[in-house]
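1. Got a sequence here, can you build the structure:
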Amino acid sequence: MATLFLFDPENQSWQSLAEFNFIDPPIWSRDSNWLAFREQDGLGGEDIYVVRRDGSNLTDMTDTDKLPSEGRPYILSGWINDNIVLRSGNPGVSGLVYLRRVGDGFTKPLFDTPWTKTDMVPSPDGSFLAYPDVEYEQTVLKLLSPNGNTFRDLAVFPSSSLYPILWSPDGMQITFARLYSEPINGQEVFVIGRDGRDMKNVYQSAFGSISSISYSPDGQHLLIQDDDAAGRHIYTVNLSTLETKLLQAPGLPLDWWWLAPSWRP
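-> Sure, this is the predicted structure:
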């Protein structure tokens, strides 16, 4: 059984928000009032839920007739304002992407035409979508405006995959982990401006096992979950100095099996 917790550093307290058999990394809404996440029942069933940060209004957002049943299961791509972005995960169905609003459940398609690429990550203000596009044995990090009017190639990597991808809180930078096709080469975390400039390597993993990255609320630090020879650990990276520190939460042992930590005020 998995439990979604919220830790309050001022009171040194933990609050349980939701409990399911399996819970994927949660995604905060832009106003930090909601969390969205995928739950799995262990029997092949899955749904996308939202919950307020105080644990109230736990709501199944995909168990509804407002989404085409043939698109199930739906994948959570992120938030645009107070809407979660849901993309069909059914390989036999192409291009179904919807916005579904928390609160009243209003639902509408995100695009006028089917989405034919991989997953996308919305910027905080919803003005751009970042996504990896595989082209001729290379992966290109791209930007697209939801109306389809603006395209931009940010970075190109041969023989690589890019995951996870996330935006800085102010929407001016994108952070992503590059995994080489040969795992022995490890994994790197990069930060790049949304104009494609000033890309820099900010973290190196020798084991290629980075599964979660998040920004501090002020955008000055990264929180990186990385498995190494000693187990699973959480590191902070100062983006100004590139200093890396191992994190230990109060009251928890250093070898605690972390899963998908995030960072909010």
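2. Identify the bridge partners of the closest residue to residue 158 other than its chain neighbours.
-> Computed as CB to CB, 6 or more residues apart in numbering, the closest residue to residue 158 that is not its neighbour in sequence is residue 138, at 4.7 Å. Where you see a C-beta, it was placed from the backbone N, CA and C, and this is true even at glycine. Note on residue 138: beta-bridge partners residue 135, residue 158, judged by DSSP bridges.
3. Could you count how many residues lie near residue 138?
-> 12 (other CB atoms under 10 Å).
4. And the pLDDT at it?
-> For residue 138, the pLDDT comes out at 89.
5. hang on, it packs against residue 161?
-> No - between residue 138 and residue 161 there is no contact under CB atoms under 8 Å: 10.9 Å.
6. what about the protein, any weak spots by pLDDT?
-> Counting by pLDDT under 70, the chain shows low-confidence ranges at 118, 148, 181-185, 208, 229-230, 254-260, 264-265.
7. domain ranges for it?
-> According to automatic domain parsing, the chain comprises the domains 1-115, 155-265.
8. Adding distance to residue 121, write these out as JSON lines.
-> Converted to JSON lines, the domains of the chain look like this (distance: least, CB to CB, whole Å):
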{"stretch": "domain 1-115", "distance to residue 121": "5"}
{"stretch": "domain 155-265", "distance to residue 121": "5"}
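9. what's the closest of those domains to residue 132?
-> Ranking the domains of the chain by proximity to residue 132 (CB to CB) places domain 155-265 first, at 4.2 Å.
10. Residue 169 - how many residues pack around it?
-> Count around residue 169 with other CB under 10 Å applied: 19.
11. For it, which residues are in contact?
-> 124, 215, 217, 218, 219 (CB atoms under 8 Å, 6 or more residues apart in numbering).
12. swap in residue 70?
-> With CB under 8 Å, 6+ apart as the criterion, the residues that contact residue 70 are 90, 92, 93.
13. Dump those into JSON lines; add secondary structure as well.
-> Output for these, formatted as JSON lines (DSSP: H, G, I helix; E, B strand; the rest coil):
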{"residue": "90", "secondary structure": "coil"}
{"residue": "92", "secondary structure": "coil"}
{"residue": "93", "secondary structure": "coil"}
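14. Among those residues, which one lies nearest to residue 107?
-> Among these, and counting by CB to CB, the member closest to residue 107 is residue 93, at 16.4 Å.
15. got a list of what the closest one touches?
-> 68, 70, 71.
16. Report the separation between the first one and residue 107.
-> For residue 68, the distance to residue 107 equals 10 Å [CB to CB, to the nearest Å].
17. same deal with the last one?
-> Plainly put, residue 71 is 12 Å away from residue 107 if you go by CB to CB.
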